[in-house]
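Enquirer: Need the 3D shape of this:
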Amino acid sequence: MAGRRDEHTVGAATRELFLRLTQRNQVLLREQLNLLDLMERREHDAEETAELFQLDHLATRLRRNVEKVVTLAGARPSRRWRRPVPLLDVARGAVAEVADYQRVLVAPHWPWHLAGPAVTDVIHLLAELVENALVFSPAQATVRMAGEHRPGGCAIVVTDDGPGLAPA
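Expert: So this is what the prediction gives:
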C-alpha cells in the first residue's frame, strides 16, 4: 500500500513539475510576442516586416499549444481577460492561431461581446474548428466564419467546402 502512495505522490509531483515548466513557457512566449510586436511596429522594410509577422504567427500558434497543455493539466492559462471582448476580436484571435490563416474570411459585422473569462477557451475552440475546416477543404478554398443572430444570443458559423460528413 505504501508503494502505491509513493507512486501517486511521484506522479503528482511530476505533473506539477510539467505544469510549472509549461507555465514558464507561457511567460517566455508572452515576452517573445511582445518583443516581436515592438519590432514589427518599428520596421519599415516590407520584406523584414513580413518575416517578423511570420515569426509572430509561429509564436502565436505555439502559445495555443502551450495553453492547451496547461488546460489539460487542469490549470488556467495565464492569458485572461477581465472585461467583455468584442466577438469579432475573438474570431480574429482564433484565425491568428491557425497555420493557413490567409484562407479564412471573417465576416465584418459582429455586434456581440464575450465575457472576458471565456475568451481564451473560445479562441482555442474556434481555432480547432477553423483548422479542421482548412484541413478538410480543397487547398485553394476559402473557409468562412460569421456570427449569426439566434434566439437568446448568437452562433458562430464556420463554413468550408470540404466533403462533409457521411449521413450515417
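Enquirer: going forward, measure contacts between C-alpha atoms and count neighbours the same way
Expert: Fine.
Enquirer: give me the low-pLDDT residue ranges for this structure?
Expert: Where the chain drops to pLDDT under 70, the residues are 1-8, 10.
Enquirer: after the helix ranked longest in the chain, next one along is what?
Expert: Ranked by residue count under DSSP state H, the longest helix found in the chain is helix 2-42. Following helix 2-42 in sequence order, the next helix or strand is helix 46-72 (DSSP states H and E).
Enquirer: how far is that next one from where the chain is centred?
Expert: 10 Å (C-alpha atoms, centre = their mean, to the nearest Å).
Enquirer: Pretty sure Thr142 sits against Gly162.
Expert: No - using C-alpha atoms under 8 Å, Thr142 makes no contact with Gly162, being 10.2 Å away.
Enquirer: Identify the residue nearest the most centrally placed residue in the chain in space, chain neighbours excluded?
Expert: Using C-alpha atoms, centre = their mean, the residue of the chain that lies closest to the mean C-alpha position is His124, 4.0 Å off. Once flanking residues are discounted, His124 sits nearest to Ala94: 6.4 Å by C-alpha to C-alpha, 6 or more residues apart in numbering.
Enquirer: my read: that neighbour touches Ile123, true?
Expert: Yes - applying C-alpha under 8 Å as the test, Ala94 and Ile123 come out as touching, 4.7 Å apart.
Enquirer: The residue nearest to His124: what's it in contact with?
Expert: By C-alpha atoms under 8 Å, 6 or more residues apart in numbering, Ala94 lies in contact with 123-124, 126-127, 130.
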